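What follows is a predicted protein model with its sequence.
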Amino acid sequence: MRYTNEIIDTIGEIPVKLYIESIKTSSYYLNPKLILIFVIKGEVLIKQGDKGYKLREEDIILINPNIMYSIDSSSTNQIYILEIDSKYFNNLYSNFSDLILEVNSLNIDEVNMQDYKNIKGIIIKLLEVCLNKQNGYLLLAKHLIMELIVLLINKFTVDKIENTFSINHDDERINSIIKFVLTHYKEKISLQDISQYMHLNSQYISRYFSKQMGIPLNAFISNVRLEESIKDLVLSDKKITFIALENGFPNLKSYFKAFKEIYGMTPSKYRNIYLNEIKENLLELDFSKFNLQNISNNENDKLRLLPEKKQSYVIDLNSSVSTLDKSWKKILAFGRAAEGMREELRNQLRLVQKDISFEYVRFHGILSDEMRVYSEDDQGNSEYNFTYIDELIDFLLEIKLKPFIELGYMPDQLAAEKKYIFAWKANISFPKSIKKWNKLIRSFVKHLIERYSINEVEKWYFQICDQWSYFNTEDQKYFEFFKETYSSVKQVEAKLRVGGTFDLQLLDKYSCYLKDERIALDFIAVRTYSLLPIGKSDSLELINKFGKVSDNELILQNSLDYCFYANERFISEYIDNFVNKIDKYKLDIKEFFVTEWNTTPSQKDLLHDTCFKASFFVKDIVANFNKVDGMAYWSFSDIFEETKASNNIFHGGLGFITNNGIKKPIYYAYQLMNRLGNSIIRKENDFIATKNINNSIQILTFNYCHFIDDKKQCHSKDITLKNRYHVFDEKSKNISFVLKGLSGEVVVKIYRINKENGSAYDEWLRIGAPKSMETDELNYIKNKSIFGYRMKSIDINGDLIINEKMEPHEVMLIEIIPVKNS
């Protein structure tokens, strides 16, 4: 049995595979590729024909193409295998694939010692490069492969006559018999079948095989069937009877007998103890640091093998930790009120409500000039028009979205100055008259109650925005403005829910003011993005230093060019710090919301379109959903006009739907999270397990991969339209779950979001990354880009064991549904 962890399956266009394996029992192979085997740990026995070679740590051997060989070991081991399609190099070196190569470190002498050091140094360096995947690693890997091929040609090519591994007539005959068995082991094989195939007497074949291989032919056939059956036994949940028959055993009794003779236990017991073997020496492959300087070209070069990520968990399904509050679907967010008047965005809202179903919706600019709310006559008297607001709110309520109203951004005629952010001219000035502002707020709130009733409006939220505190340095002036706005809403109806937006610094300044003025906020909201300014500048200094001011416009997002992506726990740490501040200041807050969060608020961050964002999203939801009352991902649609629009479909828009309605990976992540149950069974850093009232089980897990550079700059020029993943420390992940407390028949459903499934951007790359797409191409991507799905029925007799390999950035949902017998 071989337990494989694949490192890479191709190096550019060169057909090369690298993988690490652990050998448990004897296995036979006939591979058309050139194979190099390097022993990292333990011992293995390699057999070719009647020759056997015991390899220990740092030994290396080469298997020529189409040569039968076996690998066996009785101890814990790790081997590194490099598999090369030698035919690829025929165009570079005539008939390379016909060369006979001999590499066997057991034959090292003084003459060839340096050659072996060189070949070992190359393949170890190749492994290190492919594991680390630093910028430009494919170029370096190609160089190392070419260097290896040249070394093999010049130093390890032998004449067929001299070749110690040359195949004589007996070897060819044995290879033919073994090849026949490996091809037909699932069928009923008799000596007569083999003798007809070989055109030899059956009794002669039986004696001949036993003499050459040291094992009777019937026993060899049984061992091959056992070896293949173990793959099904430990890596699937198939019934044991089915496994026996599928792998060529005539009945269950013969399978049990053969199994006990080799393994000393029943197949059921072997399957049950498999998880312990995973933890001890199989899936937990030892990739600890070790020094290979003696086999490297540079004797001072210390190389390190880095791990694939691996996790194993045992879950007791009878436990229930708490009720799951799905705070991530409390609030949906989009850019601004005027965008909500556009039919294309409304269609997207209808789709989201159908597929996900949020409770509230938040957006900017409900009082902005685009909504035609405020004006003044020739005498300076205030005039109000709530027609557009009514039309927008009527639509939102129709699709079952309650407003989360942001009281922010000043109508131009009420503003004290022209002070803008965003391309749509959001005015961040204080009012020229606080009395007129208060009257506007009171009139607005009264209108809402009259139109929609107090019973409806008291379910809504009114959020006083903090943009005045960011762009105005007079703290006391902002405090007074906040108090006036808060009081204006409460004067109309005290039961209405009013809160404010704060960051950590503002809360420090404002906590005493809240108490002194006896302002009892119904909720507090924060915004948080996983980025930090370069150097020691704080956010305000950065905005003032790098924001472009022209024609009284301040374009905020240009400051992001001078930020870098923060550590992977930044969102969690920020929320934790904020919760601690609320406790520290003893603020009596009923609800706590994150009303904006993302990696960045940029419309040109190309990573927004990738699978990375799905794992980022799920990671931070799993970590924080139980700390807050609602989390609004900013924002749901690429129909978003804070900066100049782009003509590219995958231009790095904030949303989880593109301008033309293509769903991105986060959209499907929301759908998978929607399938979680109401009770939490267990939650860890990389998964959450839940169950429903009907006893179905859901496990949501993810493989988050962070940036290679711990201070990767936003809007980095090396992240391009077609090349966006190279900045990540990408590693696949093996995850295992043992589920205790199940019995009987269940249906297991597995959903996946990764580069192959549910990623429209990656599908776009696969069809050639067209700059513009016709209707047929758009429809193709929409239909093709859906999460992966598979299901199977399992009859559980003992624990349910699930082993899955996850790709970098992958999100996976495992759903286990008991089958009710009618």
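Done, it's in. Numbering: from 1, shown residues only.

how much space between Lys782 and Ile649?
Distance, Lys782 to Ile649, by C-beta to C-beta, to the nearest Å: 11 Å. Heads up, the C-betas are built off the backbone N, CA and C, glycines and all.

Quick check: neighbours shared by these two?
Shared contacts of Lys782 and Ile649, defined by C-beta atoms under 8 Å, 6 or more residues apart in numbering, are found at Ile662.

and the two? which has more neighbours close in?
Applying other C-beta atoms under 10 Å to Lys782 and Ile649 shows that Ile649 carries more neighbours, namely 23 against 16.

Secondary structure class of that one, three-state.
State at Ile649, reduced to three classes by DSSP: H, G, I helix; E, B strand; the rest coil: coil.

nearest spatial neighbour of it, skipping sequence neighbours?
The shortest distance from Ile649 to any non-neighbouring residue, by C-beta to C-beta, 6 or more residues apart in numbering, is to Thr658 (5.6 Å).

what's around the one you found, how many residues?
Counted with other C-beta under 10 Å, the neighbours of Thr658 add up to 25.

could you measure it against Met773, distance?
Look at Thr658 and Met773: by C-beta to C-beta, they are 11 Å apart.

anything in contact with each of the two?
Residues touching both Thr658 and Met773 (C-beta under 8 Å, 6+ apart): Ile649.

Give me the mean pLDDT for the helix or strand that contains Leu62.
With secondary structure defined by DSSP states H and E, Leu62 is part of strand 60-63. The average of the pLDDT scores along strand 60-63 is 94.

residues in contact with it?
Contact with strand 60-63 is made by 31, 34-39, 46, 48, 53, 55, 69, 101-106, 116, 119-120, 123, 152, 156, as judged by C-beta under 8 Å, 6+ apart.

going on from it, what's the next piece of helix or strand?
Next element after strand 60-63 (DSSP H and E): strand 67-72.

Let me know the average pLDDT across that following strand.
Average pLDDT, strand 67-72: 80.

And for stretch 34-46?
The pLDDT scores in stretch 34-46 average 91.

Dump stretch 482-498 to PDB, keeping only the CA atoms.
Output in PDB follows, covering the C-alpha atoms of stretch 482-498 (Å, rounded to 0.1, in the frame of the first residue of the first chain):
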ATOM      1  CA  PHE A 482     -23.600  62.800  16.400                       C
ATOM      2  CA  LYS A 483     -25.600  63.800  19.400                       C
ATOM      3  CA  GLU A 484     -27.900  66.000  17.300                       C
ATOM      4  CA  THR A 485     -28.500  63.300  14.700                       C
ATOM      5  CA  TYR A 486     -29.100  60.600  17.400                       C
ATOM      6  CA  SER A 487     -31.600  62.900  19.200                       C
ATOM      7  CA  SER A 488     -33.400  63.800  16.000                       C
ATOM      8  CA  VAL A 489     -34.300  60.200  15.400                       C
ATOM      9  CA  LYS A 490     -35.200  59.400  19.000                       C
ATOM     10  CA  GLN A 491     -37.400  62.500  19.300                       C
ATOM     11  CA  VAL A 492     -39.700  61.100  16.600                       C
ATOM     12  CA  GLU A 493     -39.900  57.700  18.200                       C
ATOM     13  CA  ALA A 494     -37.800  56.500  21.100                       C
ATOM     14  CA  LYS A 495     -38.200  52.800  20.200                       C
ATOM     15  CA  LEU A 496     -36.300  53.200  16.900                       C
ATOM     16  CA  ARG A 497     -32.900  51.500  16.900                       C
ATOM     17  CA  VAL A 498     -30.100  54.000  16.500                       C
END
